[in-house]
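Visitor: Need the 3D shape of this:
(one chain, ligands or ions: 2)
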Amino acid sequence: MIVAGVMSGTSADGMNVALVRVSGRSRHTALQLLCHAEFPYPANVRKAVLAAMNAERASVADLAKLNFLLAELYAEAVLKTQRRFRRKAELVGCHGQTLYHQGEAAQFLGRKIAATWQTGEGAIIAARVGAPVVSDFRPADMAVGGKGAPLVPFLDYLLYRDQRLGRIVQNIGGIANLTAIPAGASSARVVAFDTGPGNMVIDAVTERLFRKPFDEGGRIAASGAVIEPVVAHLLHKSFFFRKPPKTAGREEFGHKFVTSFLKLCGKASKTDVVATATALTARSIANAVRRFVVRGKAYEELIISGGGAKNATLMAMLANELRALGLQLRLSDEFGLPAEAKEAVAFALLAYETWNRRPSNMPSATGAKRPAILGKISYP
Ligand SMILES: Nc1ncnc2c1ncn2[C@@H]1O[C@H](COP(=O)(O)OP(=O)(O)O)[C@@H](O)[C@H]1O
Ligand SMILES: [Mg+2]
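Guide: Ligands and ions are numbered 1, 2, ... in the order given. Model prediction:
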């Protein structure tokens, strides 16, 4: 069947839509990417989404309206993609926009509660697109003790497992997360976790210092010098030492983190600040790989996906760090999946599994006690 996957990540840059032909089941599931399109959020929507994510307090009415508004945008994005490529999806998997994610339970009103919230109302998307929609993927994993993230390892395992090569799949979205698949491993041996910031800190400082949403091609960072003591200091944050599985979001690397980061940079030049944010991402990924993944085990390749792949300075820094670990850096594009399309493809696949009543969380990655069928289905 043809499934549309819709992803909008923590960068809040917009929506990625992938139309994917999916067939078969379990190890024999076959995926074919038919087409992919990107739709940036209008500037005022991006602003509202970022404000909602960073808010200590927010208006319930505004959040309710955002839920319906984003759904209209998701639906339009799917419809436009269908028209542009003359294809029609029979099913939609929509991740939604994460406004809050706390994978770990903490005290709340006298109970230990973990919580997550992806907004973008499935019923609206289903009605507009005229196809069933699977949305809200994360809560079912959390209901069985998982952290609700990461979910993409299910796709990584399907696409990248190899009998002879140990592979690390590294996505660099707002947050950076990796999936490590040892050569010939069963899915139970896959390790996956968030390594820390991806583009989130780079985007935030570029926005504050240069009034641009991101550092195009990594050109600003390329003209600056890394302030090493700042990177070293930030890498002491306890998140980086916590054992996987672990997840991160704006709660860890959002507004507050960026404010303290800028304070540490003091009177440094603006380009140096962006270079330093870029180095923080590269270094924290390499540290995570060294500390929690490689440790004497055989890994040959690190495959990059996500918008961070477009930041040449970040890629150069990362390649440099990885060389010391004996890892070759590759792009998901080399495997037939454009770097920016991968997560959208993942949610097409997860929707397909749910539609067929099959679980698609990976307990080794999320920490869940058992496999769970993810998501909620809205009918047109
Ligand atoms: N041409 C580019 N140059 C540099 N960075 C880019 C470019 N295109 C995208 N990015 C970065 O990728 C981010 C979006 O990546 P994406 O994988 O969509 O993340 P998310 O899943 O969090 O939305 C942007 O915010 C930006 O930081
Ligand atoms: Mg995005």
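
Visitor: remind me, longest helix of this structure?
Guide: Longest among the helix segments of the chain by residue count, using DSSP state H, is helix 60-85.

Visitor: Restricting to C-alpha, output whichever helix or strand comes after that helix in CSV.
Guide: Remark: after helix 60-85, the chain's next helix or strand is strand 91-94, criterion DSSP states H and E. The C-alpha coordinates for strand 91-94 follow below in CSV (Å, rounded to 0.1, in the frame of the first residue of the first chain):
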residue,chain,number,x,y,z
LEU,A,91,-2.9,5.6,4.9
VAL,A,92,-1.1,8.5,6.7
GLY,A,93,1.3,8.3,9.6
CYS,A,94,1.7,11.7,11.2
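
Visitor: List of residues touching strand 91-94?
Guide: With CB atoms under 8 Å, 6 or more residues apart in numbering as the test, strand 91-94 has contacts from 1-6, 74, 78, 120, 122, 125-126, 129, 131-135, 137, 347-352, 354-355, 375. For the C-beta atoms, the positions are set from N, CA and C on the backbone; glycine is no exception.

Visitor: any idea of the mean pLDDT for the helix or strand just after it?
Guide: Using DSSP H and E, the helix or strand that follows strand 91-94 towards the C-terminus is strand 97-108. Averaging pLDDT along strand 97-108 yields 93.

Visitor: From the contact counts, what lies against strand 97-108?
Guide: helix 43-54, helix 60-85, strand 111-119, helix 250-253 (3 or more CB pairs under 8 Å, 6 or more residues apart in numbering; DSSP states H and E).

Visitor: partner strands of that strand, parallel or antiparallel?
Guide: Under the criterion DSSP bridges, strand 97-108 sits next to strand 111-119 (antiparallel) in its sheet.

Visitor: quick one: the strand it pairs with near ligand 1?
Guide: No. Remark: strand 111-119 sits outside contact range of ligand 1, by CB under 6 Å from any ligand atom, the gap being at least 12.6 Å.

Visitor: Pull the CA coordinates from that strand and hand them back as PDB.
Guide: Output of strand 111-119 as PDB, limited to C-alpha atoms (Å, rounded to 0.1, in the frame of the first residue of the first chain):
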ATOM      1  CA  ARG A 111       2.600  10.500  41.700                       C
ATOM      2  CA  LYS A 112       5.500   9.600  39.500                       C
ATOM      3  CA  ILE A 113       4.400  10.600  36.000                       C
ATOM      4  CA  ALA A 114       6.100  10.600  32.600                       C
ATOM      5  CA  ALA A 115       4.400  12.500  29.800                       C
ATOM      6  CA  THR A 116       4.700  13.400  26.200                       C
ATOM      7  CA  TRP A 117       2.600  15.500  23.900                       C
ATOM      8  CA  GLN A 118       2.600  15.500  20.100                       C
ATOM      9  CA  THR A 119       0.000  17.900  18.600                       C
END
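
Visitor: which parts of whichever helix or strand comes after it are buried?
Guide: Going down the chain from strand 111-119, the next helix or strand is helix 122-129, by DSSP H and E. Within helix 122-129, the residues that qualify as buried are 122, 124-126, 128-129, counting by 16 or more other CB atoms under 10 Å.

Visitor: Return helix 122-129 as CSV; C-alpha atoms alone will do.
Guide: Provided in CSV are the C-alpha atoms of helix 122-129 (Å, rounded to 0.1, in the frame of the first residue of the first chain):
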residue,chain,number,x,y,z
GLY,A,122,-5.5,13.2,13.4
ALA,A,123,-9.3,13.5,12.9
ILE,A,124,-8.8,16.8,10.9
ILE,A,125,-6.0,15.3,8.8
ALA,A,126,-8.1,12.2,8.0
ALA,A,127,-11.1,14.3,7.0
ARG,A,128,-9.1,16.5,4.7
VAL,A,129,-6.9,13.9,3.1
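
Visitor: quick one: contacts of that helix?
Guide: 4, 68, 71-72, 74-76, 78-79, 89, 92, 94, 132-136, 376-380.

Visitor: angle of that helix against helix 60-85?
Guide: 30 degrees (axes from the mean of the first three to the mean of the last three CA atoms, to 10 degrees).

Visitor: Which is the succeeding secondary structure element to helix 122-129?
Guide: strand 133-135.

Visitor: just checking, what packs against that next one?
Guide: Looks like strand 133-135 contacts strand 91-94, helix 122-129, helix 342-355, strand 376-378 (3+ CB pairs under 8 Å, 6+ apart).

Visitor: mean confidence score for the last one?
Guide: Summarised as a single mean, pLDDT over strand 376-378 is 98.

Visitor: now the second one
Guide: Confidence over helix 122-129, taken as the mean pLDDT, stands at 98.

Visitor: Same check on the first one?
Guide: Confidence over strand 91-94, taken as the mean pLDDT, stands at 98.

Visitor: Sheet partners, orientation included, of it?
Guide: Strand 91-94 is paired, per DSSP bridges, with strand 2-7 (parallel), strand 133-135 (parallel).

Visitor: Same check on the last one?
Guide: Counting by DSSP bridges, the strands paired with strand 376-378 are strand 133-135 (antiparallel).

Visitor: going on from the strand it pairs with, what's the next piece of helix or strand?
Guide: helix 138-143.

Visitor: That concludes my questions; thank you for your assistance.
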